[in-house]
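# I would like to see how this sequence folds:
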Amino acid sequence: MRGRAGGRITLSLPNEPLLPGPQGSRVQVIDFDGSARTLYAPVDLDDPSVLMTDGLDPSESDPRFHQQMVYAVAMKVVENFEEALGRSLTFKDRKRLRIFPHAFEEANAFYDPQMVAVLFGYFRADTESPGANLPGQTVFTCVSQDIVAHEVTHALVDRLRPNFLEESNRDVLAFHEGFSDIVAIFQHFSFRSVLAETIQQRRADLRSPNALGELAAQFGRATGSGRALRAAIEEEPPDGRLYESVTEPHDRGSILVAAVFDAFFAVYQDRIQDLVRIATGGTGRLPEGDLHPDLVNRIAGEASKTAKNILTMCIRAFEYLPPVDVTFGDYLRALITADYETVVSDDRGLRAHMIEAFRVRGVTLEGVPSLGEEAVRWPRQENGLALDFAPLDEALGVSARAFNRGPRRKTEVVESEKSRRKQDDWAKRLQRWAESHASALGLDPKLKPRVEGFHTVFRISPSGQLVVELVTQVIQEDKTLREDVAFGGVRVLGGCTIIADAEGRIRYVVKKPLGRARREAQRSFVESCDERDPLLPWSGEDFDRRRMKARTFARLHRGRQ
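This is a model prediction of the structure:
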């Protein structure tokens, strides 16, 4: 892929056999142009002539490079998720994620949950304000690392928490957008060579406005807006009132992005203090002119390492999120808990910086008496709750074998079918266990729980200790409200995420009780959306019953990835 000023960045990915497309075990690129009704010839990345040059050279006019680009960035996102979560991942319904680099002619790109596909558009740059493009130049969204990473992250969020597409409060879709931006930004920041250039230009101040703090700069400026789509770096001090007033998902998601970036910058500054002191003889004031290349490389290394740590922390938090109705406060609590469980000591103050960054932006935490770290973390289970059956030994073996990416033998295919049958049996046992422990799990005893998913997690802590956990998502639905027009087609869900250790002892239960307060809160949220919908008075009864479902990614992303 191409970096700034034409520099080339080579991504290193786990090797797997590829068919032309490229088509691998989890990602399939299909280059059909729906507007031009054209099927472009697929690239063969296993061709020796392509392998010898580390892939095709960057080219905005070569569809084969576009195919290579989307596959490489998508797989890098998957790799980052697997590394952070400590397990092998597939996409929704165990399907390959299909990627269409030139799906349509429009300034848009989006993830389609029904197709399990990401569709990228292309368009002509504005003739009067084209930014760094030529007037009328064709701009391809698929060659933006930021946009590709953002959309693939949507697909992975849908895989990990499918109910986060149910817009039950104003944070749900904003979390989808904000988290996808976080992955795009910090994956970008993890490229050391890209950081070195910016550090030299900005004299180590990554907070100053620059191309790394902006998402999809070429795309945004090509539309004639004169700026990137969204920026992580705020030009003004944080406004704690925005969290209460901003509702548009992208704008609200920017609050989340800015908070995480603030924590990143604080830790980055702490990590480079000694380097700056050495370079300046203790004054802390860098001299005029270009910085010494060795200093730039060392600072870039610290920035890249910090970005990778933040990215891992943000992804790992998914294991500690509720299965439904997520809020920014839930995410902060999951961030702090996940990081504490991996690194007990917080020498750099990362968790404290993260809490403060959320606080100054007005993010509220329900039921938390203070913003001390112990209060923000999810409470540990101290009541002796444990799984009273033992599928764990078998589950651990199945999960461990899933990390094998080599060629599959026929016996492995048979074993895979056996594993699926065992998993179905484990799900039934987990469901019966959840029914008998409904009160302790914050579930409604009158509503039948359903196991949404469960998996084992393998992680290595900084001390070298292997951490093994079983994570289970359980949900409930109040089906009596399914046809209630007041909810606009969004299901009324509750549930919990259960984290158990390798012995079956329950360590955390992240609860979203389906009580009266939650029902009323969701009803009020739908009413507030109705007040801002100018088309609602002209809609019919059928639309009224599903109006909240009409807020698809295609509609939300139109013109503003």
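# Test for you: state the pLDDT assigned to residue 22.
Turning to residue 22, the model gives it a pLDDT of 94.
# go on, residue 148?
The predicted local confidence for residue 148 is 94.
# End to end on stretch 471-489, go ahead and measure it.
29 Å (Cα to Cα, to the nearest Å).
# buried set for that stretch?
Residues 471-478, 487-489 are the ones in stretch 471-489 that count as buried (16 or more other Cβ atoms under 10 Å). (Glycine included, C-beta is placed from N, CA and C.)
# Show me how far that stretch is from its chain's centre.
Its chain's average C-alpha position is 24 Å from that of stretch 471-489, according to Cα atoms, centre = their mean, to the nearest Å.
# shift numbering so it begins at 32
Renumbered: residue one is now 32, and that last one reads stretch 502-520.
# For it, the averaged confidence score.
89.
# In a strand, residue 486, correct?
Yes - counting by DSSP: H, G, I helix; E, B strand; the rest coil, residue 486 is located in a strand.
# could you measure it against residue 45, distance?
To residue 45, residue 486 is 20 Å away according to Cβ to Cβ, to the nearest Å.
# higher neighbour count, those two?
residue 486 (21 against 10; other Cβ atoms under 10 Å).
# For that one, give the beta-bridge partners.
Beta-bridge pairing for residue 486 (DSSP bridges): residue 502.
# For the buried residues of stretch 502-520, could you give me JSON lines that also reports secondary structure?
Shown next, in JSON lines, are the buried residues of stretch 502-520 (three-state DSSP):
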{"residue": "502", "secondary structure": "strand"}
{"residue": "503", "secondary structure": "strand"}
{"residue": "504", "secondary structure": "strand"}
{"residue": "505", "secondary structure": "strand"}
{"residue": "506", "secondary structure": "strand"}
{"residue": "507", "secondary structure": "strand"}
{"residue": "508", "secondary structure": "strand"}
{"residue": "509", "secondary structure": "coil"}
{"residue": "518", "secondary structure": "helix"}
{"residue": "519", "secondary structure": "coil"}
{"residue": "520", "secondary structure": "coil"}
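# can you tell me which two in those residues are farthest apart?
502 and 519 (30.8 Å; Cβ to Cβ).
# Now do the end-to-end distance for stretch 67-78.
28 Å.
# Show me what it is in contact with.
48-49, 51-54, 60, 62-64, 81-82, 86-87, 94-96, 98-99, 102, 133, 136 (Cβ atoms under 8 Å, 6 or more residues apart in numbering).
# cool, stretch 546-558 as well?
199-201, 356, 475, 509, 512, 517-519, 521, 523, 525, 543, 579.
# switch the cut-off to 7 Å
Residues from elsewhere that reach stretch 546-558 (Cβ atoms under 7 Å, 6 or more residues apart in numbering): 199-201, 509, 517-519, 523, 525, 579.
# Check which residues of stretch 95-115 are buried.
Buried residues in stretch 95-115 (16+ other Cβ under 10 Å): 95-113, 115.
# err, stretch 333-352, not the other one
Buried residues in stretch 333-352, counted by 16+ other Cβ under 10 Å: 333-335, 337-352.
# re earlier: which one of the buried residues of stretch 502-520 sits closest to residue 216?
Among the buried residues of stretch 502-520, and counting by Cβ to Cβ, the member closest to residue 216 is residue 502, at 26.4 Å.
# I'd like the distance from that closest one to residue 369, if you could.
11 Å.
# Ok, residue 84 next?
From residue 84 to residue 369 the distance is 40 Å (Cβ to Cβ).
# So which of the two has more stuff around it?
residue 369 (25 against 8).
# isn't that one right next to residue 350, touching?
Yes - between residue 369 and residue 350 there is a contact at 6.3 Å, judged by Cβ atoms under 7 Å.
# one step back: kindly reformat the contacts of stretch 546-558 as TSV containing distance to residue 306.
As requested, the contacts of stretch 546-558 are arranged in TSV below (distance: Cβ to Cβ, whole Å):
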residue	distance to residue 306
199	46
200	43
201	42
509	56
517	58
518	55
519	54
523	53
525	50
579	51
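# Show me those that map onto strands.
Judged by DSSP state E, strands contain the following of the contacts of stretch 546-558: residue 525.
# any idea which of the contacts of stretch 546-558 is closest to residue 418?
residue 525 (21.1 Å).
# distance of the closest residue in space to that closest one that isn't next to it in sequence from residue 475?
Leaving aside its chain neighbours, residue 525 sits nearest to residue 545 (2.6 Å; criterion: Cβ to Cβ, 6 or more residues apart in numbering). The gap separating residue 545 from residue 475 is 5 Å, by Cβ to Cβ.
# repeat for residue 383
For residue 383 relative to residue 475 (Cβ to Cβ), the value is 37 Å.
# Residue 299 now?
45 Å.
# again with residue 267
44 Å.
# quick one: which of the two has more around it?
Taking other Cβ under 10 Å, residue 267 and residue 475 do not tie; residue 475 has more neighbours (16 against 5).
# so that one, which of the three states?
Quick answer, by three-state DSSP: residue 475 is coil.
# mind listing what's buried in stretch 163-177?
164, 168, 170-177.
# re earlier: now, which of the buried residues of stretch 502-520 sits nearest residue 495?
Among these, and counting by Cβ to Cβ, the member closest to residue 495 is residue 502, at 22.3 Å.
# Verify the stated contact: the closest one with residue 349.
No - the criterion here is Cβ under 7 Å, and residue 502 misses it with residue 349 at 9.2 Å.
# now the stretch 482-592 of the chain, which segments are flagged as low pLDDT?
493, 565-575, 581-592 (pLDDT under 70).
# And the helices in it?
In the stretch 482-592 of the chain, the segments counted as helices under DSSP state H, counting those that start in this stretch are 547-562, 572-577, 584-588.
# Distance from the longest one to the middle of the chain?
So the one you mean is helix 547-562. Using Cα atoms, centre = their mean, the offset of helix 547-562 from its chain centre is 26 Å.
# now stretch 134-149
That offset, for stretch 134-149, works out to 17 Å (Cα atoms, centre = their mean).
# Enumerate the positions of that stretch that are buried.
Neighbour counts over stretch 134-149 (16+ other Cβ under 10 Å) mark 134-135, 137-143, 147-149 as buried.
# Show which residue of the chain lies farthest from the average position.
residue 312 (41.5 Å; Cα atoms, centre = their mean).
# quick one: that residue from residue 318, how far?
The value you get for residue 312 to residue 318, if Cβ to Cβ is used, is 10 Å.
# Who are the packing partners of the top helix by length along the chain?
In the chain, with assignment by DSSP state H, the single longest helix is helix 280-310. Packing contacts for helix 280-310, counted by 3 or more Cβ pairs under 7 Å, 6 or more residues apart in numbering; DSSP states H and E, involve helix 203-220, helix 324-347, helix 381-390.
# Report the angle between that helix and helix 381-390.
140 degrees (axes from the mean of the first three to the mean of the last three Cα atoms, to 10 degrees).
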